[in-house]
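# Here you go, sequence then predicted model.
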Amino acid sequence: MENIFAKRRARLLAMKAMRENYVPGEKLVTCPHCGGESQRKDVAAALSVCPLCGCHFPMGAYYRLSSVLDPGSFRELHEKLTASDPLRFPGYGAKLDGARRKTGMNEAVVTATGTIGGVRCVAGVLDSRFLMGSMSAAVGEKLTLAIEYAGKNKLPLILFAASGGARMQEGILSLMQMAKTSAALARFSEKGLLYISVLTDPTTG
Ligand SMILES: [Zn+2]
C-alpha cells in the first residue's frame, strides 16, 4: 500500500516539477551568461545548468525538491497556507493572483518532509518566480512551522534561500518574519540538530 502512495507522490512531484520547466510556445532557452540558445528539455535534463557554458539557472521550488529528495518520499507541509492582504495594499491582490496563476503555487515557499539517501529530513525551498521569493507573513509562518516540525521530530533541516527580501506590500508584518524565523532557528539550534542553509540564485535580501 505504502508503495502505491509513494508512486503517486513521485508522480505528483514530477508533474509539478515539469510544469516549472515548461513555458507554452517556448522551446528554446537563452542563457543570460553566454547568450547561447539551448533546448528547454536539454536544460531541464541537465538540472537547470546551461549545456553550453555551465551557468546555473534559477530553479523552481518543486523542481529543486524533485532533484534533491529521494523519489516518492516528498510530502508537502502546510500546502494551503497563503498570503492574505492585511493592509489592503493597492494592487497586491491582483499581483498575488497573477503569481499564483503563473507558478501554480500558493506562496513563495514550499516546505516538505522527505528523505535524502534514505535519511528523513525537512526541506524548505523559496521560489523567486513568486513575487521574487519575498517574505510575506505566510512565508514566515510556513518556514517557522517547518523549523518547529523538524525540531519536534528531531530531523535535519535544509533551507534553500532565493529571495529579494521582505514583501513590501505587507509592511511591518513582513519585516517581523525575519525575527520570527531567526528565533525559531535559534531554538532549533539549541537542540543541537543539523541545519543547512543553501544560498541560491537570486538571494539579495
Ligand atoms: Zn550559457
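Here it is on my side, so go on.
# Going by C-alpha atoms from here, please, whenever you check contacts or count neighbours.
Fine.
# Following element in sequence after the helix or strand harbouring Lys102, please.
Using DSSP states H and E, Lys102 maps to helix 92-103. Downstream of helix 92-103, the first helix or strand assigned by DSSP H and E is strand 109-116.
# What's the per-residue pLDDT of the residue nearest to Val139 when sequence neighbours are not counted here?
Closest residue in space to Val139, ignoring its immediate chain neighbours: Val109 at 6.1 Å, by CA to CA, 6 or more residues apart in numbering. Per-residue confidence (pLDDT) for Val109: 97.
# now the residue most central in space within the chain, which residues is it bridged with?
For the chain, Val125 is the residue whose C-alpha lies nearest the centre (CA atoms, centre = their mean; 2.7 Å). The residues listed as beta-bridge partners of Val125 by DSSP bridges are Val110, Phe160.
# Tell me how far it lies from Ala146.
11 Å (CA to CA, to the nearest Å).
# Residues of this structure that sit close to the ion?
Contact residues (CA under 5 Å from the ion) of the chain with the ion: Cys31, Cys34, Cys50, Cys53.
# ranking those residues by neighbours, who comes first?
Highest neighbour count within the residues of the chain next to the ion: Cys50, with 25 neighbours (other CA atoms under 10 Å).
# Could I get the full set of strands for the chain?
Along the chain, counting by DSSP state E, strands occupy 28-30, 37-39, 75-77, 109-116, 119-126, 157-161, 195-199.
# what about the last one, distance to the chain center?
By that I understand strand 195-199. The chain centroid and the centroid of strand 195-199 are separated by 13 Å under CA atoms, centre = their mean, to the nearest Å.
# Only alpha carbons, please: show stretch 158-175 as PDB.
Taking Å, rounded to 0.1, in the frame of the first residue of the first chain, the C-alpha atoms of stretch 158-175 are listed here in PDB:
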ATOM      1  CA  ILE A 158      17.700  22.200   4.900                       C
ATOM      2  CA  LEU A 159      16.500  25.600   3.700                       C
ATOM      3  CA  PHE A 160      17.200  26.800   0.100                       C
ATOM      4  CA  ALA A 161      17.100  30.600   0.100                       C
ATOM      5  CA  ALA A 162      16.100  32.500  -3.100                       C
ATOM      6  CA  SER A 163      14.600  35.900  -2.100                       C
ATOM      7  CA  GLY A 164      14.600  39.600  -2.700                       C
ATOM      8  CA  GLY A 165      13.800  40.200   1.000                       C
ATOM      9  CA  ALA A 166      10.700  41.300   2.800                       C
ATOM     10  CA  ARG A 167       7.400  41.700   0.900                       C
ATOM     11  CA  MET A 168       6.800  45.400   1.000                       C
ATOM     12  CA  GLN A 169       3.000  45.100   0.400                       C
ATOM     13  CA  GLU A 170       2.700  43.600   3.900                       C
ATOM     14  CA  GLY A 171       4.700  46.400   5.600                       C
ATOM     15  CA  ILE A 172       5.900  45.800   9.100                       C
ATOM     16  CA  LEU A 173       4.100  42.400   9.200                       C
ATOM     17  CA  SER A 174       6.600  41.000   6.600                       C
ATOM     18  CA  LEU A 175       9.600  42.700   8.400                       C
END
